[in-house]
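[1] I would like the atomic coordinates for the input below:
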Amino acid sequence: MNQTRAPFLVLLLSSISIAQKQPSQSAQGSFFAQPQMTQAQQENFPPQLLADLDRIKSAALTDDYAYRQAAHLTENIGPRPSGSPQAKAAVDYVTAELRQLGLDVQLEEVKVPHWVRGAETAELVEYPGQVSGTTQKIVLTALGGSTSTPAEGLAADVVVVNNFDELKSLGRDKVAGKIVFFNEIYDKKKAAAGLSFVAYGEAVRYRGMGPRAAAEFGAVAALIRSVGSADYRLPHTGFSFPAGIPAGAVTAEDADLIAHLAAQGKVRMRLTLTPQKLPDSIGYNVIADLKGSERPEQIVVVSGHLDSWDLGTGAIDDAAGVAVSMQAAELLQKLHLRPKRTLRVIAWMDEESGGAGSQTYSRDHSAEFVKHVAAIECDTGAAHPLGFETRISASAADLLRPVLSVLDSIGATAMEPSNYPPGADIAQMSETGVPAFGILQDGRTYFNYHHTAADTLDKIVPSELRENAATMAVMGYALATMKDPLPR
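    Below is the predicted model:
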């Protein structure tokens, strides 16, 4: 494993289960208990600033700039895996668009992995009740970082486990030479109840660590049940720790098939996965500054990640996040509003396959983090915004109540505290004390499409994307223009 990517991967596997929660009722209601502003709130949010925030919100709700950007990234450019020609084209496009807005744009060079998908086929060649002369097709996709089978594939018995403890209990004698299948089920009931990110966190650890655990017991390949919902025989890809063995995700329907047949007797699979890990490539973070009028050295980051997986076109993950970040600057320029602090738009590179972009930014800018007033990331889709997931002090949350009152008309009033950074790309900033925000969206259907071939532009509802743009721009301008920096 590339050691420089470790902090991102630790965040992926340790934080998701509780960091990206849906807001509680108490969180939504608590910010409107006081009938009037405190003196500190009044000093930081005078009537003119509140009026400007309301203007930004109103303008965002009638402006499809973000949708046009997302449409170009997804449909004209297409999938944008790190190291790909499309990723470079996306960098060039976003750079040109931000320069056209009048921002000071810099490209930050990032060394990124370049992994490409190959053939992906599987079939059950032996199973209980098999009709002579037949096999059963299994729909699957390789996990990011997977190694290749031989070109002709491999055939091996399948061992089904539900968790790491079951794998350990089998021991090497019963696992070596076999294909291990982790059948951890994504909890669709939790997702339907608004806890989709909790459900995701519970299952994604098998995607991240399952192949490596299987390899340690001598398995020749590892498969997982896809981490997501909407079971239309869609496999969900995603990053997995390099394990030295082929690794893939099967659809929920085929996961059930394998588990049911394995409960009856021996199951044998022929598996072909032929991805390639090419030499590392050069990518770029796009960093664009709208310079502050009074304290330009103080920075507020608004951001999303530019790379995507290759199965779909990366609309909700994360062209939407890049687009609403761009629109935050577009709205201020259109309304002739200049923040006191610098508003920095960042389109991150390589969030999906290791976090090299955020690692590079932290290396290059860590000395400046003391002057990073706040960082916002949008990377949980494009659905209706509920407010923010935050890693800020209680006094900072209290100070921002007037901002939430501006967003009340679109329902983006939650301020949900988290023990973990609310965004992978802003994690290291958050760990050093920079106040961090993630736009909190209605995630009930997000994992229907996440990391699948169905992550396409039609999944973005233009009116909801406008709400997200309003939420990002209002908070971004508020943080960049309020009298005092947020207390840490």
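[2] tell me the domain boundaries of the protein?
    Under the assignment automatic domain parsing, the domains of the chain span 3-115+279-481, 118-274.
[3] Comparing these, which stretch has the densest surroundings?
    Taking mean count of other Cβ atoms under 10 Å as the contact definition, the stretch among these with the greatest mean neighbour count is domain 3-115+279-481, which reaches a mean of 21. No exception for glycine: its C-beta is placed from N, CA and C like everyone else's.
[4] can you list the weak-confidence ranges in this structure?
    In the prediction, the chain carries residues with pLDDT under 70 at positions 1-35.
[5] residues in contact with residue 461?
    When contacts are counted by Cβ atoms under 8 Å, 6 or more residues apart in numbering, residue 461 is found next to 382-383.
[6] Start and end of stretch 381-398, how far apart?
    In stretch 381-398, first residue to last residue: 27 Å (Cα to Cα, to the nearest Å).
[7] all helices of the stretch 251-400 of the chain, in order?
    In the stretch 251-400 of the chain, the helices defined using DSSP state H, counting those that start in this stretch lie at 252-264, 320-334, 356-365, 394-399.
[8] These: which one's closest to residue 311?
    For residue 311, the closest of the helices of the stretch 251-400 of the chain is helix 252-264, at 15.8 Å, according to Cβ to Cβ.
[9] For residue 180, give me phi and psi.
    The main-chain torsion angles of residue 180 are listed as degrees, to the nearest 10 and equal phi -90, psi 130.
[10] can you put the domains of the chain in a markdown table and add distance to residue 487?
    What follows is these, written out as a markdown table (distance: least, Cβ to Cβ, whole Å):
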| stretch | distance to residue 487 |
| --- | --- |
| domain 3-115+279-481 | 5 |
| domain 118-274 | 28 |
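[11] For residue 488, which of those is the nearest?
    domain 3-115+279-481 (4.9 Å).
[12] pull the CA atoms of the longest strand along the chain into PDB?
    Of all the segments assigned as strand in the chain under DSSP state E, the longest by residue count is strand 276-290. Presented in PDB, the C-alpha positions along strand 276-290 are these (Å, rounded to 0.1, in the frame of the first residue of the first chain):
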ATOM      1  CA  GLN A 276      -4.400  -3.500 -14.900                       C
ATOM      2  CA  LYS A 277      -2.500  -1.200 -12.600                       C
ATOM      3  CA  LEU A 278      -0.600   1.100 -14.900                       C
ATOM      4  CA  PRO A 279       2.300   3.300 -13.700                       C
ATOM      5  CA  ASP A 280       1.300   6.200 -11.600                       C
ATOM      6  CA  SER A 281       0.200   9.300 -13.500                       C
ATOM      7  CA  ILE A 282       0.100  13.100 -13.000                       C
ATOM      8  CA  GLY A 283      -3.200  14.600 -12.100                       C
ATOM      9  CA  TYR A 284      -4.200  18.000 -10.600                       C
ATOM     10  CA  ASN A 285      -6.100  19.700  -7.900                       C
ATOM     11  CA  VAL A 286      -7.800  22.800  -9.400                       C
ATOM     12  CA  ILE A 287      -7.500  25.600  -6.800                       C
ATOM     13  CA  ALA A 288      -9.300  28.900  -7.600                       C
ATOM     14  CA  ASP A 289      -9.400  31.900  -5.400                       C
ATOM     15  CA  LEU A 290     -11.800  34.800  -5.200                       C
END
